[in-house]
Structures are given as structure tokens and as C-alpha cells.
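Student: here is my input, please return the structure:
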Amino acid sequence: MTQQKTLGDFIGTELEEDFIQFDLTEIQMVLEKLQNIDAIDLAHAELLQQQALRGADVITSYLGRVVKTVGYLEAKVNNVKNRVALEYQAPDGARTTMEMRKFASEASSEVEAVQIKLAKAKGSKSVLEKKYDILIKSHHHYKEIATGLRRTILGYGQSSEKVPEGWE
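Tutor: Purely as a prediction, here's the structure:
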């Protein structure tokens with residue numbers, strides 16, 4: 001019997017993931033291979049399709065973790081800002097104004113540290129999304145090549161449909 005897989009297995013159980021340590025070695029190997037190889041026959045085009053999908057699958061699990069982390073850090077930034085603003089007291093014992101509290105919360109080193117983490121998480125999310133897009137587009141590219149090979153070389157689906165340019 002196969003082991004049960006839960007959504008928690010994919011998005012992780014921690015609120016803040018160590019996304020900087022995600023291993024993208026397999027993704028980079030797939031992207032480099034796709035960049036340097038042209039499909040030479042139907043089986044090869046289908047293999048390249050599968051490799052692109054495998055890379056996209058790995059990225060989706062990382063994306064889920066980064067999206068969760070971004071949401072958590074956004075909430076944490078607001079929480080820390082509010083706490084710092086509420087705790088702030090004017091240093092000379094004078095009346096503390098809302099502007100003083102707001103400035104204190106925006107200038108806090110604690111808030112800045114969380115905002116830096118958030119910026120890194122958002123940057124990581126952007127990188128993963130771009131790599132995912134490249135892999136999905138590569139998958140569709142090789143799918144078109146495989147379809148063209150099926151129609152022209154193997155004679156499948158001979159119809160009045162126009163064959164993609166370069167595969168006539």
C-alpha cells in the first residue's frame with residue numbers, strides 16, 4: 001500500500017520556510033538540457049516534454065512553500081509594525097502623537113529585518129514563477145514538435161489542418 005501524501009507534505013508544516021536553501025539543481029539540469037538539445041525524433045520530443053513537466057512539478061512544490069512564507073511574512077510585518085507603534089513612548093516623557101508612533105514603527109530595525117525577509121521571499125517567488133513559465137512553454141514547444149512529427153513522418157491524423165511551418 002502506498003504511503004498517504006497530504007497537502008502538508010507539499011507546502012511544509014513551518015510557517016516560514018527556509019526557501020533560500022531550496023535545491024534547484026534538478027531544475028537547472030533540465031533547463032540546460034532543454035536549451036542545448038533539439039528533438040531529433042518523436043520519442044526524443046516526447047522525452048523532452050516529460051522532462052519539462054518534471055521540472056515544473058518540482059517547482060510547484062517550492063512555489064507553494066514560498067507563497068505560504070510570503071503570506072506569513074506580510075502578516076508578520078503588519079503585526080510587528082503595530083506592536084512597535086503601540087509600545088512607542090516619546091523619550092522625553094512628552095505627549096506621544098500618532099505621527100511619532102507611525103515613524104517609530106516604520107524606522108524600527110525589527111520591522112526592517114522582517115521586510116528584508118519578505119523581499120527575499122518575493123524575489124524567490126518571482127524566480128520560481130519565471131522558471132516554471134519557461135518549463136511549461138518548453139513542454140508545449142516539444143508537444144507541437146511531436147504533433148508535427150506524428151502528422152508528417154508517421155502519417156497520423158492526415159487531415160486538412162495546416163501542418164506547422166518547418167514540418168511539411
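
Student: use CA for all of it now, contacts and neighbours both
Tutor: Fine.

Student: what's stretch 70-87 in contact with?
Tutor: 15-16, 101-102, 104-106, 108, 110-111, 114-115, 117-118, 121-122 (C-alpha atoms under 8 Å, 6 or more residues apart in numbering).

Student: how about stretch 6-20?
Tutor: Residues contacting stretch 6-20 (C-alpha under 8 Å, 6+ apart): Ser61, Tyr62, Gly64, Arg65, Val66, Lys68, Thr69, Tyr72, Leu73, Ala121, Ser124.

Student: pull the distance from stretch 36-56 to the chain's centre.
Tutor: Distance, stretch centre to chain centre, for stretch 36-56: 22 Å (C-alpha atoms, centre = their mean, to the nearest Å).

Student: just the helices in the protein please.
Tutor: 7-11, 25-36, 42-87, 98-107, 109-152 (DSSP state H).

Student: and these: which comes nearest Glu165?
Tutor: Nearest of the helices of the chain to Glu165, taken as C-alpha to C-alpha: helix 109-152 at 9.1 Å.

Student: if we take the contacts of stretch 6-20, which one ends up nearest to Lys143?
Tutor: Of these, the one sitting nearest to Lys143 (C-alpha to C-alpha) turns out to be Ser61, at 23.5 Å.

Student: tell me the contacts of the closest one?
Tutor: Here Ser61 is in contact with Phe10, Ile11 (C-alpha under 8 Å, 6+ apart).

Student: low-confidence ranges in the chain?
Tutor: 1, 154-164, 166-168 (pLDDT under 70).

Student: give me the most central residue, the chain.
Tutor: For the chain, Leu128 is the residue whose C-alpha lies nearest the centre (C-alpha atoms, centre = their mean; 3.1 Å).

Student: and that one, what is it in contact with?
Tutor: Here Leu128 is in contact with Ile59, Tyr62, Leu63 (C-alpha under 8 Å, 6+ apart).

Student: next, Thr97: phi, psi?
Tutor: phi -100, psi 170 (degrees, to the nearest 10).

Student: sorry, wrong one. I was asking about Gly12.
Tutor: phi 80, psi 160.

Student: since that was my last question, I'll sign off now.
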